[in-house]
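S.K.: sequence first, predicted coordinates after that:
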Amino acid sequence: IFKFLGAISVDLGQDRIKPYLPTILTPLYRELNSNYAEQDPTLKNLSEEIIELLKKLVGLEAFSLAFSSVQKQANQKRAMRKKQRALQTVANPDIAARRKLKRHKNKEETRKRKIESLRPMYKAKRHRSHALKDLAMVE
């Protein structure tokens, strides 16, 4: 898709691409600022290349305006999600407690995995899965 965006922007040219610049920059910006673990470095490099191409094509001033608007929009969305999460914690404390327990359990498992990788002889006690027992309807 990034290659397609780059090809379309070159095909449209300098004047016809300007109205679509924020739309094109949104996924590129998202890929540049992503910080998840399984990030593909080729995608990041490709997005950087396309951004450089757009800078040359449109000019630095128009590009900067569009890029700053995309940045502002992303920051607003992030703040809105954070606010919604905080409100949900107050409105639904049981859901928040469940999320907190899940996060704690994941952190515990990560710690055990890390210890096992550092000391291969040591086997951390792992919580046995009771998937079938959980599925059974017990009253």
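M.R.: Thanks, I have the structure now. Residues are numbered from 1 along each chain as shown.

S.K.: where in this protein is pLDDT low?
M.R.: When residues are selected by pLDDT under 70, those of the chain lie in 37, 123-139.

S.K.: scan it for its longest helix.
M.R.: Counting residues, the longest helix in the chain under DSSP state H turns out to be helix 60-91.

S.K.: would you pull up how far the helix or strand just after it lies from the middle of the chain?
M.R.: Per DSSP states H and E, the first helix or strand lying C-terminal to helix 60-91 is helix 93-118. Mean-position distance between helix 93-118 and its chain equals 20 Å (Cα atoms, centre = their mean, to the nearest Å).

S.K.: buried residues in helix 93-118?
M.R.: residue 112 (16 or more other Cβ atoms under 10 Å). In short, each C-beta sits where N, CA and C put it, glycine included.

S.K.: by contact count, what packs against it?
M.R.: For helix 93-118, the elements it packs on are helix 60-91, judged by 3 or more Cβ pairs under 8 Å, 6 or more residues apart in numbering; DSSP states H and E.

S.K.: in the helix it packs on, what's buried?
M.R.: Residues of helix 60-91 classed as buried: 62-63, 66-67, 70 (neighbour count, 16+ other Cβ under 10 Å).

S.K.: out of those, which is nearest to residue 26?
M.R.: Proximity of the buried residues of helix 60-91 to residue 26, judged by Cβ to Cβ, is greatest for residue 70, which lies at 5.5 Å.

S.K.: so the residue nearest in space to the middle of the chain versus residue 41, what's the distance?
M.R.: What sits nearest the mean C-alpha location of the chain, by Cα atoms, centre = their mean, is residue 34, with 4.9 Å. For residue 34, the distance to residue 41 (Cβ to Cβ, to the nearest Å) stands at 12 Å.

S.K.: before we move on, which element is residue 47 in?
M.R.: Counting by DSSP H and E, residue 47 is found in helix 41-58.

S.K.: against which helices or strands is that helix packed?
M.R.: Judged by 3+ Cβ pairs under 8 Å, 6+ apart, helix 41-58 is in contact with helix 2-17, helix 21-33, helix 60-91.
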